[in-house]
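> Test case, fold it:
(2 chains, ligands or ions: 2)
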Amino acid sequence: MEYGFDINYVFDFIPKLLSTLNITLLIVAGAIGLGLIIGFLVALPRLYNVPVLRNVSMVYVSFFRGTPILIQLFLFYYGLPEILKLVSVDISKVPVIYFVILTFGLNVAAYVSETIRAAVQAVNRGQVEAAYAVGMTGYQAFTRIVLPQAVAIAIPVFANLVIAMLKDTSLAFTLGVMEMTGKAQTLGSLSQHFIETYIALALIYLVMSIALERLMLAAERRLSRHLRRDSNEKNRFFTRKRKRLTLGRLTGELKLDNKEVPRYEA
Amino acid sequence: MIKLSGIRKSFGRHEVLQGIDLTVNKGEVVAILGPSGSGKTTLLRCINYLEKPSDGEIRIGDFSLDVRHAGKKDIYALRQRSAMVFQQYNLFSHKTALENVIEGLIVVKKVGKEEARKRGIELLEKVGLGAKLDAYPSQLSGGQQQRVGIARALALEPEVILFDEPTSALDPELVGEVLAVIRRIAKEGITMIIVTHEMGFAQDVANHVVFMDGGVIVEEGDPAELFGNPKEERTKQFLKRFTSEYSYSI
Ligand SMILES: Nc1ncnc2c1ncn2[C@@H]1O[C@H](COP(=O)(O)OP(=O)(O)O)[C@@H](O)[C@H]1O
Ligand SMILES: [Mg+2]
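Ligands and ions are numbered 1, 2, ... in the order given. Next up, the predicted model:
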């Protein structure tokens, strides 16, 4: 019974796994940062209906949403150096983690762009006209009226994206990146206590997901306070309903890894 | 003074406005009546360029714009001379009542925050919402939202306020409070163009009444004349149908 289940290994592994947490977080932060910027740029041609660019955006989004992220990872890691070799750029010395961040960033961007598009279109057109009627320019109407409301609408979807990204970082180990899952593999092989390693690993991901969920919920509350009614009967009803909806989202999210962008009603 | 000359507007092949000429003197209240689909909303929206007219000239005060050579700057300049009160209120839903009223002052007119606030509070008190400064639109009734909409229009001190059926989205019991506010500001000599189906209100408040049908002005005149003694057959038909519906519903 050398390798019988021993709960102590779980507690022992948690700090060891956490020592690679910074790599995981670096991938998440890098990918989300990159994804926000590129996602916004990808959304623009479709929001403003720019002829050719609009189609480029659509192809981009279909590719990243329609193929497994693991395949995307391999394609960029093995394919990009080959392509760049054709124009005499040598990136064979670039650390793997940059490829991981780039791929995840481009992948997140596809979802971000769809989220932005849906959220912007959900903002009532009449409010934009009201903004024009008071004399605002197109830019002022977008930044002062549309964007703040779109962000509030997009926050729950965005929260799902970040959590999904956090979990997807575990795929980086397939390219040999020593993030938490990679570390878990090593710990498991060395100790032969695989179950304990993976329990420890699952616990860490779970706690982080819940923490992120909380954080996003606070942001959502803050940004959508205009949708709440205060200090009357309706208030209590409304908050109770919201809480239930949120719990539903949490469980749905953890089970299904659901990245679909919901349809918004205008 | 507002002067529209030869305003035309087509959607595809459908010519919705077929050459509208209208003059509104300073301080005048003009009511526009007409059946649904006659082009009333489109006309108001052309005046502040929410729709681009196909042809014509718009003059508001000392500013005049020929739609055939209108650039972006001209359009912004034109819009700053008018304000609009919408049928669906169209308040900014992420902003409080006060923020709705002063948004244009701060962003467009570049008025300082403190001064804008002071002015916003005065205006909300004037429309009877001094106690709702920090309420979001979702916390207000339709009538209250529309009164915020009116305060928002007043804040810009425009040369003309355009009202597009300001009470037709309201529950009947809320219509009165909004009409009362419009009546009050009409007395202050603010120039207004009001599209409405409230015949009694139009007859009382307007100095001039315009009847539109099929994209043209069929008849216009002072209220006593147009309501009491309409000349055109189409006007007679419309008023007859409307007053009978009106008395029926009472
Ligand atoms: N954006 C649009 N596209 C196409 N047709 C429109 C549009 N807006 C209005 N119309 C048409 O123009 C006509 C006049 O509409 P409108 O100005 O709203 O009339 P009213 O306000 O008098 O009811 C109607 O036949 C309507 O269907
Ligand atoms: Mg209309």
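> Now do whichever residue of chain A sits closest to ligand 1 against residue B:221, distance only.
Among the residues of chain A, residue A:125 lies closest to ligand 1, at 11.1 Å counting by Cβ to the nearest ligand atom. The way it works is simple: take the backbone N, C-alpha and C, and place the C-beta from them, glycine included. Separation of residue A:125 from residue B:221 (Cβ to Cβ, to the nearest Å): 36 Å.
> Compare the two (neighbour count), which wins?
It is residue B:221, of residue A:125 and residue B:221, that has more neighbours when counted by other Cβ atoms under 10 Å in any protein chain shown, with 17 against 11.
> Kindly list the main-chain dihedrals of the spatially closest residue to the more buried one that is not a sequence neighbour?
Distance criterion Cβ to Cβ, 6 or more residues apart in numbering or on different chains; nearest residue to residue B:221, sequence neighbours excluded, is residue B:209 at 6.6 Å. Main-chain dihedrals, residue B:209, degrees, to the nearest 10: phi -120, psi 140.
> Residue B:209 pairs with what?
residue B:31, residue B:221 (DSSP bridges).
> So which bits of the longest helix along chain A are buried?
Counting residues, the longest helix found in chain A (DSSP state H) is helix A:194-223. Residues A:196-201, A:204-205, A:208-209, A:212-213, A:216-217, A:219-220, A:223 are the ones in helix A:194-223 that count as buried (16 or more other Cβ atoms under 10 Å in any protein chain shown).
> Next, give phi and psi for residue B:232.
Given degrees, to the nearest 10, the pair of backbone angles that residue B:232 has is phi -90, psi 150.
> what pLDDT does whatever residue of chain A ends up closest to chain B get?
At 3.4 Å from chain B, residue A:134 is the closest residue in chain A, using Cβ to the nearest Cβ. pLDDT for residue A:134: 96.
> and what of residue A:73?
Here the pLDDT value assigned to residue A:73 is 94.
> close enough to count as contact, it and residue A:101?
No - using Cβ atoms under 8 Å, residue A:73 is not in contact with residue A:101, being 10.9 Å away.
> Give me the below-cutoff pLDDT ranges for chain A.
Counting by pLDDT under 70, chain A shows low-confidence ranges at A:1-3, A:228-266.
> likewise chain B?
By pLDDT under 70, the low-scoring segments of chain B are B:244-250.
> in it, which residue is closest to the centre?
residue B:163 (1.7 Å; Cα atoms, centre = their mean).
> Can you tell me the SS state at it?
Under the three-state scheme (DSSP: H, G, I helix; E, B strand; the rest coil), residue B:163 adopts strand.
> Can you tell me how far it is from residue A:168?
54 Å.
> swap in residue B:35?
59 Å.
> quick one, which of these two is more surrounded?
When residue B:35 and residue A:168 are compared for neighbours, residue A:168 comes out ahead with 21 against 16, by other Cβ under 10 Å.
> what about the helices in chain B?
Going by DSSP H, chain B shows helices at B:40-47, B:72-79, B:97-107, B:113-126, B:142-155, B:172-187, B:199-205, B:223-228, B:233-249.
> Ok, which of those comes nearest ligand 1?
Proximity to ligand 1, assessed across the helices of chain B by Cβ to the nearest ligand atom, is greatest for helix B:40-47 (3.1 Å).
> okay, the closest one in CSV with CA atoms only?
Backbone C-alpha positions of helix B:40-47 (Å, rounded to 0.1, in the frame of the first residue of the first chain) are rendered in CSV as follows:
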residue,chain,number,x,y,z
LYS,B,40,-45.4,64.5,-38.8
THR,B,41,-42.6,62.7,-37.0
THR,B,42,-40.4,62.7,-40.1
LEU,B,43,-40.8,66.5,-40.4
LEU,B,44,-39.7,67.1,-36.8
ARG,B,45,-36.8,64.7,-37.3
CYS,B,46,-35.7,66.6,-40.4
ILE,B,47,-35.7,69.9,-38.5
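> next one: that helix to chain centre, how far?
Centroid separation between helix B:40-47 and its chain, computed with Cα atoms, centre = their mean, to the nearest Å, is 9 Å.
> what helices or strands is it leaning on?
Contact partners of helix B:40-47 among helices and strands, from 3 or more Cβ pairs under 8 Å, 6 or more residues apart in numbering or on different chains; DSSP states H and E: strand B:2-11, strand B:14-24, strand B:29-33, strand B:55-60, strand B:160-164, strand B:192-195.
> so does it get close to ligand 1?
Yes - using Cβ under 6 Å from any ligand atom, helix B:40-47 reaches ligand 1 at B:40, B:41, B:42.
> okay if I get the residues you listed as JSON lines plus neighbour count?
Formatted as JSON lines, those follow (neighbours: other Cβ atoms under 10 Å in any protein chain shown):
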{"residue": "B:40", "neighbour count": "23"}
{"residue": "B:41", "neighbour count": "19"}
{"residue": "B:42", "neighbour count": "19"}
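> Closest one of the residues you listed to residue A:192?
Set against residue A:192, the nearest of the residues of helix B:40-47 next to ligand 1 by Cβ to Cβ is residue B:41 (76.5 Å).
> Grab the nearest non-local neighbour of that closest one.
Excluding the flanking residues, the one nearest residue B:41 by Cβ to Cβ, 6+ apart is residue B:164, at 5.5 Å.
> beta partners for that neighbour?
Beta bridges link residue B:164 to residue B:195 when assigned by DSSP bridges.
> right, and it touches residue B:195 too?
Yes - contact criterion Cβ under 8 Å: residue B:164 and residue B:195 qualify, at 5.1 Å.
> Now list whatever residues contact both of the two.
The contact sets of residue B:164 and residue B:195 overlap at B:40, B:41, B:44 (Cβ atoms under 8 Å, 6 or more residues apart in numbering or on different chains).
> contacting residues for the last one?
What that stands for is residue B:44. Residue B:44 is in contact with B:32, B:84, B:162, B:164, B:193, B:195, counting by Cβ under 8 Å, 6+ apart.
> residues in chain B within reach of ligand 1, list them.
Contact residues, chain B versus ligand 1 (Cβ under 6 Å from any ligand atom): B:11, B:16, B:34, B:36, B:37, B:38, B:39, B:40, B:41, B:42.
> Just grab the bridge partners of the residue lying closest to residue B:48 once chain neighbours are set aside for me.
Nearest non-adjacent residue to residue B:48, counting by Cβ to Cβ, 6+ apart: residue B:82, 4.8 Å away. Using DSSP bridges, the bridge partners assigned to residue B:82 are residue B:160.
> So for residue A:178, what's the nearest residue that isn't a sequence neighbour?
Nearest residue to residue A:178 in three dimensions, chain neighbours excluded: residue A:20, at 5.8 Å (Cβ to Cβ, 6+ apart).
> Counting neighbours, what do you get for the one you found?
So residue A:20, with other Cβ under 10 Å, has 18 neighbours.
> Tell me how far the residue of chain B most remote from its centre lies from chain A.
Within chain B, the residue lying farthest from the chain centre (Cα atoms, centre = their mean) is residue B:114, at 28.6 Å. Distance, residue B:114 to chain A, by Cβ to the nearest Cβ, to the nearest Å: 19 Å.
> pretty sure residue B:210 contacts residue B:217?
Yes - shown here, residue B:210 and residue B:217 form a contact pair, counting by Cβ under 8 Å, at 5.7 Å.
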